[in-house]
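K.L.:
Can you look at this prediction? I've put the sequence above it.
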Amino acid sequence: MIMRLADYRRTKIVVCPPRFLNNLQIIALACICLLGPLSAQAWTDDGKTIVFSHGEIDHCKQFALEAGEIMLARQSNEPPRYQYDQYGAPSEATLGMRDILKKLVLTYPARDTAAEKRSDLEDFAKKAKRICIKAYMEAVPASPSQRTAAP
């Protein structure tokens, strides 16, 4: 069933306490909460290439951007400034994702040179995006590949 956008905005998102879920499950739950109504055409896998439909994993770009903001804040010993907060208060799912990212960023040491900081920043943002995409793929089943359709 596809929800109208107005109905989706009225729904409440419930995030389970972390003691019941591991980090990957929390990230997956947060990513699913950010998805909104799913399109009829989900991602496909033809055995060689995974193809996402337009806008299907846009929330993972925001997740990677926030990961970068958290890493920058860690490297400069300042609180993170989230770009999307200027447009409205973050959801509970977003706050949960940020908490997970703040814990994951602690696995990276504080760096001295700009090149090391940039390398860690790029690595952490890519890692966050991969985690988000993997969680999405585990939560949303693939659509049948159009290349394998019967003639």
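P.N.:
Cool, got the structure.
K.L.:
I70 is in contact with K102, correct?
P.N.:
Yes. Under the criterion of CB atoms under 8 Å, K102 is in contact with I70, at a separation of 5.9 Å. For glycine as for every other residue, the C-beta is placed from the backbone atoms N, C-alpha and C.
K.L.:
Settle it for me: which of the two has more neighbours?
P.N.:
Neighbours per residue (other CB atoms under 10 Å) separate K102 from I70, with I70 holding more: 22 against 14.
K.L.:
and that one, how far is that from K127?
P.N.:
I70 sits at a distance of 12 Å from K127 (criterion: CB to CB, to the nearest Å).
K.L.:
Same check on Y108?
P.N.:
With CB to CB as the criterion, Y108 and K127 are 10 Å apart.
K.L.:
Where does the prediction get shaky in this structure?
P.N.:
Along the chain, the parts satisfying pLDDT under 70 run over 1-41, 145-151.
K.L.:
top helix in it by residue count?
P.N.:
Secondary structure of the chain per DSSP state H: the longest helix is helix 114-139.
K.L.:
Determine the set of other helices and strands touching that helix.
P.N.:
For helix 114-139, the helices and strands in contact under the criterion 3 or more CB pairs under 8 Å, 6 or more residues apart in numbering; DSSP states H and E are helix 23-35, helix 58-76, helix 92-104.
K.L.:
Now do the contacts for K48.
P.N.:
Contacts of K48 were listed using CB atoms under 8 Å, 6 or more residues apart in numbering, and none were found.
K.L.:
and S53, what element?
P.N.:
Using DSSP states H and E, S53 maps to neither a helix nor a strand.
K.L.:
so what's I70 up against?
P.N.:
With contact set as CB under 8 Å, 6+ apart, I70 has these partners: P80, R98, L101, K102, V105, F124.
K.L.:
Can you select the buried ones among these for me in ChimeraX?
P.N.:
Selection of buried members from the contacts of I70 for ChimeraX, criterion 16 or more other CB atoms under 10 Å:
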select :80,98,101,105,124
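K.L.:
Next, give me the two most distant ones among the contacts of I70.
P.N.:
In terms of CB to CB, the contacts of I70 reach their longest pairwise distance at R98 and F124, which sit 13.4 Å apart.
K.L.:
Give the full set of residues in contact with D58.
P.N.:
Residues near D58 by CB under 8 Å, 6+ apart: none.
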